[in-house]
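[1] no sequence on this one, just coordinates:
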C-alpha cells in the first residue's frame, strides 16, 4: 500500500518543576490513530533548538509521539560554548537535577492521549546523552535509553536501580569522551550485568 504522507501536529506543552517552567515541544502524526510509543528527546548543551526539534519531527514521521525536552527551562537556547557550558555544568554537578527534570518531562509525556505510557524511551545528544544515561542509572522507568555521542561519566551504575535497556552510539575518535571514560563506563555496566549495547 502507498505510504500516506505524515500529517505532523506540533504543540508546545509547558510543565513546571520547582518554579522552573519548561516548554516541551511535542510532535505526532495525526494520521495515525490510537496510542503509540513515546520518545523523549534531550538536547545538546545548546538547549532546545531547531536541531532537537527536527529530531522530534523525524521520530513523529516514523510513527512515534516525540517530545523535545527543555532541560534548561524557559525554552533557553545558547549560541556559544562558554554560555552553554555554564548552563550545562549544574546538571553535571548535581545529577538529581537532570533526573528530576527528565522525570517531570516523562510525567507530562504520559498525559498525551496519543502516548502509550508503558512504552516510554529517552534519547539524547551529547549533553542529552549524558542526561538520559544518568537518568537510567538513577532508576528512571524507561523501556530504553539511547545516547548519541553523549558523556559517559556520571553516576555509578547500581543493579537495583537500572530498569532500562541501554544503547550507546559513540564515535571512536570523539575527543570529548576519551577511551578511559569508555572503558570505565563498560566496566561499570558489566559489573552489574546491565543490558547494554555499545
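    Good, I have the coordinates. This is a predicted model, so every value here is computed, not measured.
[2] Go ahead and name everything in contact with the helix ranked longest in the chain.
    In the chain, taking DSSP state H as the definition, the longest helix is helix 95-110. Contacts to helix 95-110, defined as Cβ atoms under 8 Å, 6 or more residues apart in numbering, come from residues 13, 15-18, 20, 22, 24, 26, 38, 40, 42, 65, 67, 69-71, 73, 90-91, 115, 117, 120, 122, 131-132, 134-135, 138, 140-142, 154-155. C-betas here are computed from N, CA, C, even on glycine.
[3] So which of the residues you listed sit within helices?
    Under the assignment DSSP H, the contacts of helix 95-110 contribute 90, 91, 131, 132, 134, 135 to helices.
[4] farthest pair in these?
    Pairwise distances across these peak at 17.3 Å for 90 and 132 (criterion: Cβ to Cβ).
[5] More neighbours: which of those two?
    For residue 90 versus residue 132, neighbours defined as other Cβ atoms under 10 Å are more numerous around residue 132 (30 against 11).
[6] Please list all residues in contact with that one.
    The contact partners of residue 132, taken as Cβ under 8 Å, 6+ apart, are 40, 42, 102, 122, 123, 124, 142, 145, 146, 147, 150.
[7] Tell me the one of those residues nearest residue 85?
    residue 150 (15.6 Å).
[8] separation between residue 190 and residue 198?
    To residue 198, residue 190 is 10 Å away according to Cβ to Cβ, to the nearest Å.
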